Structure formats: structure tokens, C-alpha cells
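Peer 1: Could you work out the structure for the sequence below:
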Amino acid sequence: MKGFVFPGQGSQRTGMGKALFDNYEEAKDLFSKADDILGFSISKIMFEGDEEQLKQTKYTQLAMFMHGFVSYRCLASSLPDMVAGHSLGEYTALAAAGALSFEDALLLVEKRASAMQKACERQESGMAAVLKFDKDMIKEICSAIKDEVVVPANYNSPQQTVISGSLKGLETAYERLREAGASRIMPLNVGGAFHSPLMQPAQDELAEAINNCNFSTPICPVYQNVTAEPTTDPETIRANLVLQLTSPVRWTETVENMVRDGADSFVEYGPSVLKSLIKRIVPDVATENSGDGM
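Peer 2: As a prediction, this is how the structure comes out:
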């Protein structure tokens with residue numbers, strides 16, 4: 001069985017999607033449709049925008065969604081047996097599986113990006129990857145910091161846990177993690193403290209849009225970030241999507257559960273990020289990427 005997976009933000013780059021646009025008529029149609037729906041040219045920002053512009057959450061998320069979805073539509077040779085997406089990538093996975101229409105997914109991503117951008121501007125915050133250090137110890141250290149917000153946000157692999165919070169909270173966490181023996185801590189190129197309580201205003205704003213959106217039964221099970229478990233129930237999908245912004249991304253469990261349920265290969269659509277994480281979680285499984293560099 002084949003699992004299709006879709007990355008979140010953090011791997012954006014100038015020129016992304018241009019090769020797809022140049023080589024596939026469906027890509028031209030999808031980019032044109034997106035520009036019309038949004039009322040501005042996300043394709044121009046992707047193809048010609050500078051790195052600082054693409055780094056803005058309000059553009060990054062739309063760019064990553066478009067690149068992943070267009071890669072899937074143009075390059076997939078079969079339908080998926082199961083899908084999952086990392087953070088923002090869950091929206092791409094839902095569109096690929098037919099739980100959301102392209103138009104609805106695009107508008108939800110725009111709403112999500114706008115709400116998160118505003119939440120980021122309320123307080124200086126960020127995220128950092130902690131490498132080769134026990135996830136339970138990371139959780140314990142974060143929990144002990146009471147005066148600032150800092151929490152585990154992404155359980156990406158057994159070797160990588162991402163923490164998220166206020167800048168002061170992160171600085172305190174760095175100090176305590178190093179004291180506990182963590183030697184590799186890498187700040188991430190993102191706009192704020194995603195998947196943390198600091199995203200609550202964004203979650204409240206996004207919830208209305210999600211609850212007013214039409215969700216269909218997907219063509220295959222969707223493994224969602226909040227539970228790491230499969231579902232095809234539209235209302236379960238909706239409820240989990242509302243909770244996603246303030247909940248950790250349980251990526252390690254997601255991949256393990258997909259393998260548990262029969263996945264013997266994974267195809268990543270979009271910039272190559274998840275392929276290496278999957279190899280760290282389940283080294284013997286087959287992985288490939290479609291769309292990286294396009």
C-alpha cells in the first residue's frame with residue numbers, strides 16, 4: 001500500500017512551482033484558478049518573489065499548499081491508499097483525498113495563514129528543532145517553565161522534536177536543555193510559535209471558517225496531526241482540523257501508524273522534507289519524492 005504525504009512550511013524557495021507551470025497544462029490551469037480565487041498572483045510570488053516575501057506566513061502557506069497540490073495533480077501516477085500532511089500539509093492531503101475541494105482548501109489555507117500571521121505579530125515568538133535528545137525529557141523541561149510559553153510542537157522523528165513558544169520561553173528552554181545534555185538546537189525559519197497556545201487567537205478565528213466549510217468523505221483514510229490515527233469521517237476531520245493549530249504534530253506516530261496499517265512505500269509531493277524524516281522513523285520502508293526542484 002502506498003501513502004502520499006505533504007510537507008508544511010519551512011522549505012519554501014523562490015521559483016517553486018515554475019517548472020510545473022512550464023511543463024503541465026493542468027498546473028497552468030490550477031495556478032490561474034488560484035490567482036483568480038485569491039485576487040492576487042500567488043504564482044508570481046512563488047515564481048519571482050524574494051525569500052523575505054516568501055517567508056511571510058500569509059504567503060508561505062499558500063505557496064506550499066499550491067506546490068504540493070499541483071505536484072500531486074501533475075505527477076501522481078495512481079491514487080493514494082492513505083494520506084497525511086505535516087501541519088499545513090494536512091490541508092494539501094485533505095484536498096488530494098477529496099475531503100476538501102481545491103477551492104475550499106485554498107481559501108481555508110488563506111484564512112489560516114492570515115490568522116496565524118496576526119497571531120505572530122502579537123508577540124515575538126518562534127520554533128526550534130532539538131536533535132538527538134529524548135522527547136520525554138524535552139516535554140518535562142518545557143513543562144517546568146512557568147512564566148513563559150514553550151511547548152513541544154512537532155514530534156518529527158525519534159531524533160527530532162521541535163519546540164515552540166515566546167522568544168524568552170525558547171531562550172530559557174535552550175539554557176535548560178543544554179544543561180540537561182542537549183547539544184544540537186536549531187532555530188527554524190518560521191514566522192512564529194506554531195502549534196502552541198500562542199496560536200489560540202488564530203485557532204478561534206480559523207474555527208469559524210472550518211465549521212462553515214463543506215467536508216466530503218475522502219477517497220482514502222486521512223491520518224491527522226492531532227490524533228495520528230486514520231479517519232474518513234468528515235465531522236471527525238473537521239473537529240481535528242480546528243484543534244490542529246494549538247496541538248502538537250504527532251508525525252512519528254502518524255508514520256508508524258500508516259506502516260502498521262499496511263503502508264510499504266511513501267511518496268512525498270512538494271519540496272523534499274518528509275522523506276528523510278520517514279526514513280528515520282521506519283528505515284526499511286520505500287520513499288520517494290515528486291515535485292522537489294520543480
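
Peer 1: State the distance from the residue of the chain most remote from its centre to Lys33.
Peer 2: Distance from the C-alpha centroid of the chain peaks at Glu179, with 30.6 Å (Cα atoms, centre = their mean). Relative to Lys33, Glu179 is positioned 52 Å away (Cβ to Cβ, to the nearest Å). For the C-beta atoms, the positions are set from N, CA and C on the backbone; glycine is no exception.

Peer 1: and what of Asn189?
Peer 2: For Asn189, the distance to Lys33 equals 29 Å [Cβ to Cβ].

Peer 1: Ser125 now?
Peer 2: Here the distance between Ser125 and Lys33 works out to 34 Å (Cβ to Cβ).

Peer 1: For the nearest residue to Glu229 once chain neighbours are set aside, give me its contacts.
Peer 2: Nearest-residue entry for Glu229: Asn257, 6.3 Å, with adjacent residues in sequence omitted and distances by Cβ to Cβ, 6 or more residues apart in numbering. With Cβ atoms under 8 Å, 6 or more residues apart in numbering as the criterion, the residues that contact Asn257 are 223, 228-230.

Peer 1: mind running it again at 10 Å?
Peer 2: Applying Cβ atoms under 10 Å, 6 or more residues apart in numbering to Asn257 gives the contacts 82, 84, 221, 223, 227-230, 250, 263.

Peer 1: Could you measure from it over to Glu51?
Peer 2: Between Asn257 and Glu51 the computed distance is 35 Å (Cβ to Cβ).

Peer 1: quick one on the thing from earlier: how about the secondary structure of the residue nearest to Glu229?
Peer 2: Classification of Asn257 into helix, strand or coil gives helix, according to DSSP: H, G, I helix; E, B strand; the rest coil.

Peer 1: contacting residues for the closest residue to Pro234 other than its chain neighbours?
Peer 2: Nearest residue to Pro234, sequence neighbours excluded (Cβ to Cβ, 6+ apart): Phe215, at 3.8 Å. Phe215 is in contact with 94, 99-101, 104, 233-238, 241, counting by Cβ under 10 Å, 6+ apart.

Peer 1: any chance of those in TSV, plus distance to Phe133?
Peer 2: Shown next, in TSV, are those (distance: Cβ to Cβ, whole Å):
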residue	distance to Phe133
Leu94	32
Ala99	35
Leu100	36
Ser101	41
Asp104	39
Asp233	36
Pro234	38
Glu235	38
Thr236	33
Ile237	33
Arg238	35
Leu241	30
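
Peer 1: wait, which of those residues is closest to Glu175?
Peer 2: Within the contacts of Phe215, distances to Glu175 taken as Cβ to Cβ reach their minimum at Leu241, with 35.1 Å.

Peer 1: Now do the SS call for the nearest residue to that closest one once chain neighbours are set aside.
Peer 2: Once flanking residues are discounted, Leu241 sits nearest to Ile210: 5.4 Å by Cβ to Cβ, 6+ apart. Following three-state DSSP, Ile210 is assigned to helix.

Peer 1: show me the contacts for Ile210.
Peer 2: By Cβ under 10 Å, 6+ apart, the residues touching Ile210 are 100, 104, 108, 111-112, 203, 237-242, 244.

Peer 1: List buried residues within the contacts of Phe215.
Peer 2: The neighbour-count test (16 or more other Cβ atoms under 10 Å) applied to those identifies 94, 99-100, 104, 236-238, 241 as buried.

Peer 1: In helices only, show me those.
Peer 2: Secondary structure defined by DSSP state H assigns 94, 104, 236-238, 241 of the buried ones among the contacts of Phe215 to helices.

Peer 1: Which two among those residues are spaced furthest apart?
Peer 2: Checked with Cβ to Cβ, these reach their widest spread between Asp104 and Thr236, with 17.3 Å between them.

Peer 1: where do the helices sit along this protein?
Peer 2: Counting by DSSP H, the chain forms helices over residues 18-23, 25-38, 42-48, 51-55, 57-75, 89-96, 102-122, 135-143, 167-179, 200-211, 234-243, 251-260, 274-281, given from the N-terminal end onward.

Peer 1: how far off helix 102-122 does the fifth one point, in degrees?
Peer 2: So the one you mean is helix 57-75. Orientation note: helix 57-75 sits at an angle of 150 degrees relative to helix 102-122 (axes from the mean of the first three to the mean of the last three Cα atoms, to 10 degrees).

Peer 1: centre of the chain versus helix 57-75, how much separation?
Peer 2: Taking the mean of its C-alpha atoms, helix 57-75 sits 11 Å from the chain's own mean (Cα atoms, centre = their mean, to the nearest Å).
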